[in-house]
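>>> Just to be clear, the model below is a prediction. Sequence and coordinates:
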Amino acid sequence: MSISLRDGILAGRVAFVAGASSGINLGVARGFAEAGAKVALISRSPEKIEAAAQGLRSAGYDAAGFAADVRDFAAVDKALAATHDRYGEIDIVLSGAAGNFLSPALGMSANAFKTVVDIDLLGTFNVLRASFQYLRRPGASLISITAGQAVHPMRNQVHACAAKAGVNMVTQCLAMEWGPEGVRVNAISPGPIADTEGMRRLTPTPQFEAAYKRTIPLGTYGDKRDIADLTSLPRAKPRQHSNTRYDPPDFQNAVRLFRRTESASRQPSAQSGEELPHRLGAGNHRFSGRPRRGFVAEYQRGRLPGSYDSRGLWRCGCWLPRTVRRR
């Protein structure tokens, strides 16, 4: 158990996870359950979602599974209503249902393009929009799962690029609209994660996988626990962190920012604002935490520093809380 998801940190909370029959989303749901939350899972397949929920219950956690296609607003709303009736107000909503495959635009039908957009983009809107009336307000945290394709164009990924770019904008628009209600809306861009359907489709052979890993500084994929740990930041106490998008250029390095290891030689003081440095990976990134001021990121690749944009956000592919300031 990592510090960010230590036992009991979510005791009494209710989490709703969409697309949770397998992969990243099921891994995050398990992290929520391990931290003490009551967890509701949805996915299109009744058999798969019940198996996922039963797996959590067999481990001693309180979990319920509901069959619902995220493309069907009424079905999603029904699952949220059932969750609310069973557990009460919902504290955490994670929308992560997605579809993807490799295909050039000229080899893709309009229906194939629409299918991915419907699952990723429309599904995200449906889950977040339908959840609003069932949320604990103020204090609820909504999390979308996006992807690097949202901001980085890729060959054979026009469908995923378009859908995830839309997910980013939905997330940011809802953050602006619902922030005054005490609802935080965030998105996490995981990057390549081991043992997921997405990576099996994108790297279908050992040769493809080896070639992909050579592009990653650490030489390997992240894991589902990385994502579960990362969700701990948006779930911080209300107003401790603002709405933001976490989109690190090298996820396997950046996620370690949110893993506060017990072996650290010195712990930061919440009163003094003392910094706890985190040296990551091959030195491409350095992060430091200020408990009372959010996070400061310094992006180092060679001698090229990052910069701030007009909104005061660090421009290294990583959007951070608005508490971030120049040092």
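Perfect, I can see it now.
>>> Please count neighbours and contacts with C-alpha atoms only from this point.
Will do.
>>> which SS state does the nearest residue to P104 once chain neighbours are set aside fall under?
Spatial nearest neighbour of P104, excluding adjacent residues (Cα to Cα, 6 or more residues apart in numbering): N156 at 4.2 Å. Here N156 is coil, with the state taken from DSSP: H, G, I helix; E, B strand; the rest coil.
>>> how much space between N156 and A81?
Distance, N156 to A81, using Cα to Cα, to the nearest Å: 38 Å.
>>> Could you do I227 as well?
Taken as Cα to Cα, the span from I227 to A81 is 27 Å.
>>> The two: who's more crowded?
I227 (24 against 18; other Cα atoms under 10 Å).
>>> is it true that that one touches L26?
No. In this structure I227 lies outside contact range of L26 using Cα atoms under 8 Å: 10.6 Å.
>>> Show me where the stretch 151-300 of the chain has its helices.
Using DSSP state H, counting those that start in this stretch, the helices of the stretch 151-300 of the chain run over 158-178, 197-202, 206-213, 224-230, 251-254.
>>> Just put these in a markdown table and tack on mean pLDDT and distance to V117.
Converted to a markdown table, the helices of the stretch 151-300 of the chain look like this (pLDDT from 0 to 100; distance: least, Cα to Cα, whole Å):
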| stretch | mean pLDDT | distance to V117 |
| --- | --- | --- |
| helix 158-178 | 97 | 5 |
| helix 197-202 | 77 | 15 |
| helix 206-213 | 86 | 25 |
| helix 224-230 | 80 | 23 |
| helix 251-254 | 37 | 24 |
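>>> Looking at the ones you listed, which is nearest to G148?
G148 sits nearest to helix 158-178 of all the helices of the stretch 151-300 of the chain, at 8.1 Å, using Cα to Cα.
>>> for that closest one, which positions count as buried?
158-168, 170-172, 174-175, 178 (16 or more other Cα atoms under 10 Å).
>>> Give me the contact list for that helix.
Helix 158-178 has contacts (Cα atoms under 8 Å, 6 or more residues apart in numbering) with 99-100, 104-105, 113-114, 116-117, 120-121, 124-125, 144, 146-147, 149-154, 183-187, 243-244.
>>> Now list the buried members of those residues.
Buried among the contacts of helix 158-178 by 16+ other Cα under 10 Å: 99-100, 113, 116-117, 120-121, 124-125, 144, 146-147, 149-150, 183-187, 243-244.
>>> Okay, and which of those map to strands?
S144, R184, V185, N186, A187 (DSSP state E).
>>> Could you tell me the end-to-end distance of stretch 14-27?
Span of stretch 14-27 from end to end, Cα to Cα: 16 Å.
>>> for stretch 151-158, same thing?
12 Å.
>>> Over to stretch 213-226?
17 Å.
>>> hmm, back to that, give me phi/psi at the residue nearest to P104?
phi 60, psi 20 (degrees, to the nearest 10).
>>> okay, now it: neighbour count?
N156 has 16 nearby residues by other Cα under 10 Å.
>>> tell me the contacts of it?
L102, S103, P104, A105.
>>> per-residue pLDDT, it?
At N156, the model reports a pLDDT of 94.
>>> Next one: it from G36, what distance?
Taking Cα to Cα as the measure, N156 falls 41 Å from G36.
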